[in-house]
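**Student:** turn this into a model:
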Amino acid sequence: MVSSIGVDFKAKDIIVDNKKVKLQLWDTAGHERFRTITTSYYRGAHGIATVFDLTDRQTFEHVEKWMEEINKYAKENVMRFLIGNKSDLVDKRQVTYEEVRVFANKLNIYYVETSAKNNINITDFFRIATQNYLNKYNFELEKEKSGVALDYKKLNPNNKNKSKGCC
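**Tutor:** Residues are numbered from 1 along each chain as shown. Below is the predicted model of the structure:
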């Protein structure tokens, strides 16, 4: 597994409630030396997932600091998510589910445990996060105000007026 260095970008299309949604994913490094770079990406974000390593207690202990950064630099209504990764390494686990659950409840944020290596809960997380976003916000109004990057289209195989091009 290769750690993020600086910032990495991916685009991902998913289907939620029979709607195609295009996500822009910005993977920013969690190392202290990249903090000034990564905070600039918070401003335009609609959702921020803070990921920590379940096998490394120190990464969980830094989550509170990252949440403070999100409070400082992100939009007030940004959706926040907490992800404990490496759930497959049960014998190496240093952070219990219960302590993270209490922490997440205190902050009123969604928490999920994943394994990127074994693709456990990754797809479900993106689907649930996107569904929560679509339920929480009036998407069309948000799109008009900010030029949001989500491509929110009803999937209809009978639709003859499909737009062509990149956007």
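**Student:** next up, the contacts around R57.
**Tutor:** Q94, V95 (C-beta atoms under 8 Å, 6 or more residues apart in numbering). In this view, the C-beta of every residue, glycine as well, is placed from N, C-alpha and C.
**Student:** recalculate using a threshold of 10 Å.
**Tutor:** R93, Q94, V95, E99 (C-beta atoms under 10 Å, 6 or more residues apart in numbering).
**Student:** where does this protein dip in pLDDT?
**Tutor:** 1-8, 28-39, 138-167 (pLDDT under 70).
**Student:** longest helix of it?
**Tutor:** helix 122-136 (DSSP state H).
**Student:** and that one, how far from the chain's centre?
**Tutor:** 9 Å (C-alpha atoms, centre = their mean, to the nearest Å).
**Student:** what comes up buried for it?
**Tutor:** F125, F126, A129, T130, Y133, L134 (16 or more other C-beta atoms under 10 Å).
**Student:** circling back to that earlier point, among the contacts of R57, who's most crowded?
**Tutor:** V95 (22 neighbours; other C-beta atoms under 10 Å).
**Student:** what helix or strand does that one sit in?
**Tutor:** Counting by DSSP states H and E, no helix or strand carries V95.
**Student:** and the residue nearest the centre of the chain, how far is that from Q131?
**Tutor:** Centroid check for the chain by C-alpha atoms, centre = their mean gives A49 as the closest residue, at 3.6 Å. As defined by C-beta to C-beta, to the nearest Å, A49 lies at a distance of 14 Å from Q131.
**Student:** what of I15?
**Tutor:** 11 Å.
**Student:** and what of L23?
**Tutor:** For L23 relative to Q131 (C-beta to C-beta), the value is 12 Å.
**Student:** which neighbours do the two share?
**Tutor:** I14.
**Student:** L23 contacts T130, doesn't it?
**Tutor:** Yes. Proximity of L23 to T130 meets the contact threshold set by C-beta atoms under 10 Å, at 6.8 Å.
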